[in-house]
Structure formats: structure tokens, C-alpha cells
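> got a structure for you, letters missing:
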């Protein structure tokens, strides 16, 4: 019976590791409240908890931060003003390609985004990547499932491990990797990671640790117990995508955005 108890405890630690609470600083709160943020993005703070998430990752206003695949710039709107004075923000896009929305955002306010640098990620998609040993912090929000599914490659081959190794290389020794992604229950078929938009905590931990990272801890700040993660059209069933259109829209709106893991890793100093 004792062996069974140890096994259960170990599994629980894997899925819900200790959280390290850290209150957001005044500077971080100010960045989240920055008037330059769009109202549409600000409305999603209730699901994404940006101040608490970045505080958990320990991002400082003096850091060099690489944001992996910033998409439309949701977190960029916060990291830009937060790092503008004393830090450095590097946006690592897929194959040096930025979306029109993000391009317009960066051009809109040179005082905030004038120092922002650009790089490509991962190298498998081409372009010039982030130089090794550059970053204090690397952040990736809801992207690992894309790498697992071979997004933007012709053969749809999983390049998630290569992506983690590249993030490891761009960090300074002692640097932090922060990962947020849609959470797939551990008992689910792992093949669903390739098509549903959800990932298992155990898979992301395995990828990170195989790349050389040490797991620091997890936060439940972005958890959503209403999300069952078993939707026919994957995570895109839920807001903000609403893959089913108007069908059952009120139901999915009441659930809210997906259940998400928030994991912190470190590149060992030695």
C-alpha cells in the first residue's frame, strides 16, 4: 500500500507541482495598465492573468526577454512598456514573418517599441535566430502544441524537442524559461497533442528536461476547471475562436478560455 501511495504522490507532483506565489510589482502592474494596450486585449486579462503570470516567471524590467511567436502581440503590449526603459525585448517569429497586426502595433509607438529587436524561431523554419547566451528570460505562450503538430512544415513532423533545445541555447546560464499552454489531462491519448491544441504537462516537462532545463515549479493561475479539454474541434471550440460559430456559443462563453498550465524552468548555471 505504501508503494501505491508513493506512486500516486509522484503523479500528483508531476501534474500540479508546487506554486511559488509572487505579488506583481508596481512596475508590472503599470505595464498591464498601460494606456497603449488595446481594449480588446485588455478584456482578456480575466483569462490570462498577465501580471500574476509574469510575476511568477520572475520577469524584471531590466531583463533581456525573448518572446517566442508573439502572434498578434497580446503579451507584447505588456512587455513593450515594461522593458522599454531599462530592458530589451526580442520578438522571435516563425521564419522572420510577423503578422500585419503586430507590425502595425510596433510602428504605432516608437517610445515603447523603438528598441524592440527581431529574430526567427525555430531555425528549422529558416531565418536568423537569437544568438546563444543572449536572454535572461524566454517566454512562450500557447505555442508548444504548434511545434508538436509540425505547424508551418510541409511534412507536419514534430519539432518540439528541437525548439526547446534552441530556447535553451539562447538563454544565459541561470536564465528562465516560462511556458503557458493549453492543458491536456494526463490520461488522454498522447496523439491528441498533435491535433487538439492541448498538451500534457508531462510531455512539456519531458521536452524541457531533455533539452537540459531544470523544472522549477508550476502555478495554477491560468487554470480553468470548467474546460474538459475533450472538444471535437479542439481548444479552438472555446473563446476567443469559437470554432462552432454561433452553435452553443453561450455555453462556450460561460466556460471561458482554456485550462492552461503555467510552468517555470531554469537553465542551470553549471
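Right, received. Where do you want to start? All values derive from a computational prediction rather than experimental measurement.
> for residue 64, give its distance to residue 193.
Note on residue 64: its distance to residue 193, by Cβ to Cβ, to the nearest Å, is 31 Å. C-beta coordinates here come from the backbone N, C-alpha and C atoms, glycine included.
> quick one, which of these two is more surrounded?
Counting neighbours by other Cβ atoms under 10 Å for residue 64 and for residue 193 shows that residue 193 has the greater number, 23 against 20.
> let me know the secondary structure of the more buried one.
The three-state assignment at residue 193 reads helix, by DSSP: H, G, I helix; E, B strand; the rest coil.
> looking at it, it is touching residue 182, isn't it?
No. Applying Cβ atoms under 8 Å, one finds residue 193 not in contact with residue 182, separated by 9.8 Å.
> overlap in contacts, those two.
Both residue 193 and residue 182 are contacted by 145, 199, under the criterion Cβ atoms under 8 Å, 6 or more residues apart in numbering.
> which stretches of the stretch 101-250 of the chain form helices?
According to DSSP state H, counting those that start in this stretch, the stretch 101-250 of the chain carries its helices in the segments 110-113, 144-148, 160-170, 201-211, 249-255.
> most packed of the ones you listed?
helix 144-148 (a mean of 23; mean count of other Cβ atoms under 10 Å).
> what's residue 160 in contact with, if anything?
For residue 160, the contact set (Cβ under 8 Å, 6+ apart) comprises 144, 147, 148, 207.
> for the helices of the stretch 101-250 of the chain, give me TSV that also has distance to residue 48.
Shown next, in TSV, are the helices of the stretch 101-250 of the chain (distance: least, Cβ to Cβ, whole Å):
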stretch	distance to residue 48
helix 110-113	20
helix 144-148	16
helix 160-170	21
helix 201-211	18
helix 249-255	15
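> would a markdown table of those with distance to residue 70 and mean pLDDT be doable?
Converted to a markdown table, those look like this (distance: least, Cβ to Cβ, whole Å; pLDDT from 0 to 100):
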| stretch | distance to residue 70 | mean pLDDT |
| --- | --- | --- |
| helix 110-113 | 11 | 95 |
| helix 144-148 | 13 | 97 |
| helix 160-170 | 14 | 98 |
| helix 201-211 | 19 | 98 |
| helix 249-255 | 25 | 98 |
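> test my guess that residue 162 contacts residue 129.
No. Using Cβ under 8 Å, residue 162 is not in contact with residue 129, being 11.5 Å away.
> between these two, which contacts overlap?
122, 123.
> neighbours of the nearest residue to residue 241 once chain neighbours are set aside, how many?
Once flanking residues are discounted, residue 241 sits nearest to residue 235: 7.9 Å by Cβ to Cβ, 6 or more residues apart in numbering. Neighbourhood size, residue 235 [other Cβ under 10 Å]: 24.
> measure residue 235 to residue 211 for me?
Note on residue 235: its distance to residue 211, by Cβ to Cβ, is 24 Å.
> next: residue 126.
To residue 211, residue 126 is 21 Å away according to Cβ to Cβ.
> do residue 224 as well
Distance of residue 224 to residue 211, given as Cβ to Cβ: 28 Å.
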